[in-house]
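*Asks:* Dropping a prediction and its sequence here:
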Amino acid sequence: MSSAFDSINQGLEEALEFSKSKKGNAVVHEFSPVDVKNIRANVGMSQNEFASAFGISVSTLRHWERGDRKPQGPALVLLNVVAKEPKAVLKALSH
């Protein structure tokens, strides 16, 4: 139980340092903005195909492509990976 506490405590301390603008040992992952329409075009899929293949609603995909909204969190991570390795992602998602 002690190692779990130590790990949680370390995470909390790193989060506090980070919140005070002291990076410390905290690992921060930043992902670049993506051009969703370009990614889809490079994969060679229609909006319906792309949305279905990657578990995104067509409506959300259209908003991203128009620039009304920007992908965030896990969606942004997924799109960055798809932009770099689309075949690997499609292979991983296939049944």
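*Replies:* Sure thing, it's come through. Numbering: from 1, shown residues only.

*Asks:* use CA for all of it now, contacts and neighbours both
*Replies:* Noted.

*Asks:* neighbouring contacts of stretch 84-95?
*Replies:* Val43, Ala53, Phe54, Val81, Val82 (Cα atoms under 8 Å, 6 or more residues apart in numbering).

*Asks:* cool, and stretch 36-54?
*Replies:* Contact with stretch 36-54 is made by 56-58, 61-62, 64-65, 79, 82-83, 86, 90, 93, as judged by Cα under 8 Å, 6+ apart.

*Asks:* In the longest helix along the chain, which residues are buried?
*Replies:* When the chain is parsed with DSSP state H, its longest helix is helix 2-19. Buried positions in helix 2-19, judged by neighbour count with 16 or more other Cα atoms under 10 Å: Glu14, Ala15, Phe18.

*Asks:* same check, this time on stretch 79-93
*Replies:* Neighbour counts using 16+ other Cα under 10 Å place Leu79, Asn80, Val82, Ala83, Pro86, Val89 of stretch 79-93 among the buried residues.

*Asks:* where's the fourth one relative to Phe5, distance?
*Replies:* Same thing as Ala83. To Phe5, Ala83 is 38 Å away according to Cα to Cα, to the nearest Å.

*Asks:* ok, back up a step: which among the buried residues of helix 2-19 gets closest to Val28?
*Replies:* Closest approach to Val28 among the buried residues of helix 2-19 (Cα to Cα): Phe18, at 9.3 Å.

*Asks:* I'd like the next helix or strand past the helix or strand of the chain with the lowest mean pLDDT.
*Replies:* Here the helix or strand of the chain ranked lowest by mean pLDDT, DSSP states H and E is helix 2-19, holding a mean of 84. Once the chain leaves helix 2-19, the next helix or strand it forms, by DSSP states H and E, is helix 36-43.

*Asks:* Render the CA-only coordinates of that following helix in CSV, please.
*Replies:* Extracted C-alpha coordinates of helix 36-43, given in CSV (Å, rounded to 0.1, in the frame of the first residue of the first chain):
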residue,chain,number,x,y,z
VAL,A,36,-8.7,17.2,-40.0
LYS,A,37,-9.9,17.6,-43.6
ASN,A,38,-6.3,17.1,-44.8
ILE,A,39,-5.8,14.0,-42.6
ARG,A,40,-9.0,12.5,-44.0
ALA,A,41,-8.0,13.3,-47.6
ASN,A,42,-4.6,11.7,-47.1
VAL,A,43,-6.3,8.6,-45.8
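
*Asks:* This completes my enquiry, with thanks.
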